[in-house]
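Engineer: The following comprises the amino acid sequence and a computationally predicted model.
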Amino acid sequence: MSDAYDRVAVVTGADSGIGKATAVALAEQGFDIGITYHMDEEGARTTAGLVRDLGKVPAVRRHDLTDPERAAAVVDELADELGGLGVLVNNAGTGSAEPLLEMGYERWRSVLAVDLDGAFLCAQRAARRMAGSGRGGRIVNVTSVHEEYPRVGAGPYCAAKGGLRMLSRVLALELAEYGITVNTVAPGEIATPMTGQEDLPPQTGSRPGYPISRPGDAREVAAVVAFLAGPAASYVTGTTVFVDGGLGMMGPQAAGALHSGDWRTGRP
């Protein structure tokens, strides 16, 4: 059962960044790809073209996770169009940049709706199809180093990503009997539009406070997602893989505030 699942993957938020790179990586591994986007339809169509160039079939849907119950139906729509579902990558997300004391409840809920509620409902839809098929599957939830480490101004984001980590572990326990694995991938700072870097090549030495002194590349994250989505990861479930260049060892909040590499000497 480790490799019997459908060679169809749905990747949410695949119009740019990590989602786009993941869609391409999975197409290279032989998956047809369901692509979702929120606002950037042109970006989603570009991703679809890359998938098509690799000889695989893309399908595209708009996906507004601020209304997670309605948005989750897209998982079934894409699976129906592509003829099955073996992999779900919950990648779509949003963030925040304001102190909790100044945050309204509506803003709090909007972040959790996208980053946690939406991921749960999409995973539920996908898991029901995978379990019903009897062929198993893979669910990979993209979290962040902030599933474990806090950050000032990112209260709902951190809460959602931490919640998604634990949700993934419960799903891993409940779905194992159906041959479905569930894991999370926790990126650090990645050079993508979400971090304001527009997919620029990461510059070594630009982050002196990080052990690997640069942001990551979206393709570096996608490679780990693709591994967890593939047959070789059939005995990996309920775990988190950090793809952060060692950032977590430094403490993400503090590492970003370091302006030199003097810490590497080990001297006070």
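Structural biologist: Structure's in. What do you need?
Engineer: Show me where the stretch 1-150 of the chain has its helices.
Structural biologist: Applying DSSP state H, counting those that start in this stretch to the stretch 1-150 of the chain gives helices spanning 17-28, 41-53, 68-82, 105-112, 118-133.
Engineer: With residue 186 as the reference, name the closest of those.
Structural biologist: helix 17-28 (11.5 Å; C-beta to C-beta). All C-beta spots, glycine's among them, are computed from the backbone N, C-alpha and C.
Engineer: Can you pull out the low-pLDDT segments for the stretch 151-268 of the chain?
Structural biologist: Residue ranges of the stretch 151-268 of the chain with pLDDT under 70: 194-200, 267-268.
Engineer: can you map out the helices along it?
Structural biologist: 155-175, 218-229, 247-250, 252-255.
Engineer: Would you mind pulling the contact partners of the longest one?
Structural biologist: Yep, that's helix 155-175 we're talking about. 90, 94-96, 99-100, 103, 107-108, 111-112, 114-116, 119-120, 123, 127, 130-131, 139, 141, 143-144, 146-151, 181-184, 186, 237-238, 240 (C-beta atoms under 8 Å, 6 or more residues apart in numbering).
Engineer: list the buried ones in that helix?
Structural biologist: 155-165, 167-169, 171-172, 175 (16 or more other C-beta atoms under 10 Å).
Engineer: quick check: angle from that helix to helix 118-133?
Structural biologist: Angle, helix 155-175 to helix 118-133, by axes from the mean of the first three to the mean of the last three C-alpha atoms, to 10 degrees: 10 degrees.
Engineer: Quick one: end-to-end distance for stretch 101-108.
Structural biologist: Its first and final residues considered, stretch 101-108 spans 11 Å by C-alpha to C-alpha, to the nearest Å.
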